[in-house]
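Trainee: I need the structure of the sequence given here:
(2 chains)
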2 protein chains.
Amino acid sequence: MTGERKYAEAGVDIAARSRFAKSLPGILARARRPEVLSDAGPFSGLFRLGDRYRDPVLAASADGIGTKVKLQLAAGRLDLCGPDIIGHSVNDILVCGAEPLFFLDYIAGNGLSNEQKQALVEGVANACAEVGCALLGGETADMPDVYLPGEFDLAGFIVGVVERDAIIDGTKIRPGDVLIGLPSSGLHTNGFSLARRALDVANGEPAEETRRRLEERPPELGGLTLGEALLATHRPYAREVRPVIDRVHGMAHITGGGYRENVPRVLPEGVTAVIDTRAWEVPGIFRLIAERGRVSAEEMYEVFNMGIGLVLMVGAEDAEGVLAAVPGAVRIGEIREWTGRPVELVGLEQGQRG
Amino acid sequence: MTGERKYAEAGVDIAARSRFAKSLPGILARARRPEVLSDAGPFSGLFRLGDRYRDPVLAASADGIGTKVKLQLAAGRLDLCGPDIIGHSVNDILVCGAEPLFFLDYIAGNGLSNEQKQALVEGVANACAEVGCALLGGETADMPDVYLPGEFDLAGFIVGVVERDAIIDGTKIRPGDVLIGLPSSGLHTNGFSLARRALDVANGEPAEETRRRLEERPPELGGLTLGEALLATHRPYAREVRPVIDRVHGMAHITGGGYRENVPRVLPEGVTAVIDTRAWEVPGIFRLIAERGRVSAEEMYEVFNMGIGLVLMVGAEDAEGVLAAVPGAVRIGEIREWTGRPVELVGLEQGQRG
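Mentor: Numbering: from 1, shown residues only, chains lettered A, B, ... in the order given. Predicted coordinates for the structure are as follows:
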């Protein structure tokens, strides 16, 4: 009327943002711990560490969930983003022995509705509560002209704590140690750019067509739809591993970069991890991606977890006990003297079981 | 040759990512503190808090720098993103009295080169070192099909510490307290979606044209180019405020949402902050945005900091001492008994000085 430009026209609606902000305290309350003095404000969250640790070491990790967000968006399942980022984050600090304390999210996109933002934050809060982690705050940003229309990204930051003398850093790993794999729930949060192209889903087609393609039930998936297999959330391993953690020499979280990138991170000098890829059944979703995308076995193991989301290194004397104590755990290999490279994948040429 | 698809074709080049990863330890080493046991690995950063705090409270905040990234990208100044995110983050935890311990970054985009990623992380590391904060890790993600081609986003996560009995939470604020403003260096990291449109820069035109427009020297900017004024980095206030922090009853960091959103966050019940907008000179860049974008004064103060980046609330008896101790500090108003709304901006109708 007066020729004045409202900020909403520049792609950012401050009133809508304010309504969203008002909904946050109720959501954050779902994931609170007694140590939380203040979440979501005034400018930072406050977490009272207090004096219950002797020599506390904080473990921190930043993560995203990659282009899996595109599938969740197309499927209308933004509630699944939280479990994914939390599963990923909890595992990243678990590998050094830390237990989660608190988490913060960062959500940015182009044109997300308040309902979508709320579904995202609620998913994060519920997943935090599930693993006993406080949701201490976060940031939601409207970023017209940076994200593609309707798209968004979710990042997360976790802080955990471990007593200094309980840090697991791989220095106890020695030849003869047994490698124990814990099953993944699917792709977890890595390799989705390749998977989307290999399966031609969320690959540029309209959202309605994406939803239709996610309804397919390929025989490889044993009754699951493609959507169910792809959207299975990143499994957090803290609960299963905690009871045996004193017997663990090292842990590798199999994320982007697969076995060759993630296993060496925790190995000391002078040893090689020999993994027998025939030791477990590769889930159908990976076989489907390899087949439809004509991806070599070698590349598959460099991009995907192939069915094992966490690898434990334990002394040979403890292997049976750990295998019995952790549901689904499988012996997948061993540590040997240095063979010339940090990781050897055995059995790739012959194809995998299943 | 064999019909196999390389992951690089799906928009993610694992070899390039691996080369980038190898460059990180050298960069992170620039921003290390004695408490850092491990940065960037194996899966999380480790920071030894130890026993030097009596009752430590961790303050954490997640932030982005909005669409300012578009201008930095067009201007080829990705080294400035780090100072911006660090300035913003340090101030967000400063307002409760916390000093920074460590920081993690999240960088995601579509088609960023290794050189661009390195410039970003180096900027973050240098800015961390500048404020005495460790860079404990981060995540860099390639997100084809989520970001617009060539675009990226940067988010950051800071953790600081404050003794429980030193937390500043605004409960000491009372009628008669004086509001002291500290000058901003410009827009800091908020309001860039509006600013880009109002000034018609990084507003859809080709990058070369953006660079040309940033070279303009409007008379309002007193000799500065538009680029220099817009790209000035978010000023961190920790150094200036630390010596007077015992005398501060509350602090507001003026970010997105301006005065009306940020000042009330720290106010107790029953008081109103009365700010005289004629008390300081509004920098030319804001006058230029208001004029070219035909933005009302009221909206300007709801979006931008208008020249004041941090507001301190101090007792009347301490005001002169604090004003003398903090360079550039200006008396901008006072706390009164509740007037019916939490913030009153005085002098808007008559226009601002300068």
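Trainee: which residue is nearest the centroid of chain A?
Mentor: residue A:88 (2.3 Å; CA atoms, centre = their mean).
Trainee: how about the helix or strand in which that residue is found, does it reach chain B?
Mentor: Counting by DSSP states H and E, the element that carries residue A:88 is helix A:81-94. Yes - using CB under 8 Å from any CB of the partner chain, helix A:81-94 reaches chain B at A:91-93. Every residue, glycine included, has its C-beta placed from N, CA and C.
Trainee: can I get the CA coordinates of that helix in CSV?
Mentor: Written as CSV, here are the backbone C-alpha positions of helix A:81-94 (Å, rounded to 0.1, in the frame of the first residue of the first chain):
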residue,chain,number,x,y,z
CYS,A,81,15.2,-37.4,9.7
GLY,A,82,15.7,-37.1,13.4
PRO,A,83,16.2,-40.8,14.1
ASP,A,84,18.7,-40.8,11.3
ILE,A,85,20.8,-37.9,12.4
ILE,A,86,20.7,-39.1,16.1
GLY,A,87,21.6,-42.7,15.2
HIS,A,88,24.6,-41.4,13.1
SER,A,89,25.7,-39.0,15.8
VAL,A,90,25.4,-41.3,18.8
ASN,A,91,27.5,-43.9,17.0
ASP,A,92,30.2,-41.4,16.1
ILE,A,93,30.9,-40.6,19.7
LEU,A,94,30.2,-44.2,20.9
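Trainee: Show me how far it is from its chain's centre.
Mentor: 4 Å (CA atoms, centre = their mean, to the nearest Å).
Trainee: Next SSE downstream of that helix?
Mentor: Defined by DSSP H and E, the subsequent element after helix A:81-94 is strand A:99-109.
Trainee: Check residue A:256 and give its pLDDT.
Mentor: The model reports residue A:256 with a pLDDT of 88.
Trainee: follow-up on the earlier one: report the angle between the axes of the helix holding residue A:88 and strand A:99-109?
Mentor: 140 degrees (axes from the mean of the first three to the mean of the last three CA atoms, to 10 degrees).
Trainee: So for residue A:1, what's the pLDDT?
Mentor: So, for residue A:1, pLDDT stands at 30.
Trainee: Please identify which residue in the stretch 101-250 of chain A comes closest to chain B.
Mentor: The nearest approach of the stretch 101-250 of chain A to chain B comes at residue A:157, 3.7 Å away (CB to the nearest CB).
Trainee: Is the helix ranked longest in chain A in proximity to chain B?
Mentor: Criterion DSSP state H: the longest helix present in chain A is helix A:114-131. No - judged by CB under 8 Å from any CB, helix A:114-131 and chain B are separated, with a smallest distance of 11.5 Å.
Trainee: Now tell me what touches that helix from outside.
Mentor: Around helix A:114-131, the neighbours that count as contacts under CB atoms under 8 Å, 6 or more residues apart in numbering or on different chains are A:16, A:19-20, A:23-24, A:27-28, A:30-31, A:78-83, A:85-87, A:90, A:100, A:103, A:105, A:107, A:112, A:134-135, A:138, A:140, A:152, A:154, A:156, A:236, A:238-239.
Trainee: swap in stretch A:276-290?
Mentor: Taking CB under 8 Å, 6+ apart as the rule, stretch A:276-290 contacts A:181, A:183-184, A:186-187, A:191, A:194-195, A:198-199, A:218, A:220-222, A:224, A:229-230, A:295-297, A:300-301, A:304, A:306-308, A:330-333, A:345-348, A:350, A:352-354.
Trainee: cool, stretch A:44-54 as well?
Mentor: By CB under 8 Å, 6+ apart, stretch A:44-54 touches A:33, A:35-39, A:56, A:101-102, A:104, A:134, A:136-137, A:159, A:161, A:163-164, B:49, B:51, B:54-61, B:92-93, B:95-96, B:98, B:158, B:160, B:162, B:164, B:167.
Trainee: Which of those are buried, as a ChimeraX select command?
Mentor: Isolation of the buried members of these (16 or more other CB atoms under 10 Å in any protein chain shown) is achieved in ChimeraX through the command below:
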select /A:33,35,36,37,38,39,56,101,102,104,134,136,137,159,161 /B:49,56,57,58,59,60,61,92,93,95,96,98,158,160,162,167
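Trainee: taking the contacts of stretch A:44-54 one by one, which sit in helices?
Mentor: B:92-93.
Trainee: was I right about the residue of the stretch 101-250 of chain A closest to chain B contacting residue B:139?
Mentor: No - contact criterion CB atoms under 8 Å: residue A:157 and residue B:139 do not qualify, at 9.3 Å.
Trainee: Which of these two has more residues huddled nearby?
Mentor: Neighbours per residue, other CB atoms under 10 Å in any protein chain shown: of residue A:157 and residue B:139, the larger number sits with residue A:157, 33 against 20.
Trainee: Quick check: closest non-adjacent residue to the more buried one.
Mentor: residue B:157 (3.7 Å; CB to CB, 6 or more residues apart in numbering or on different chains).
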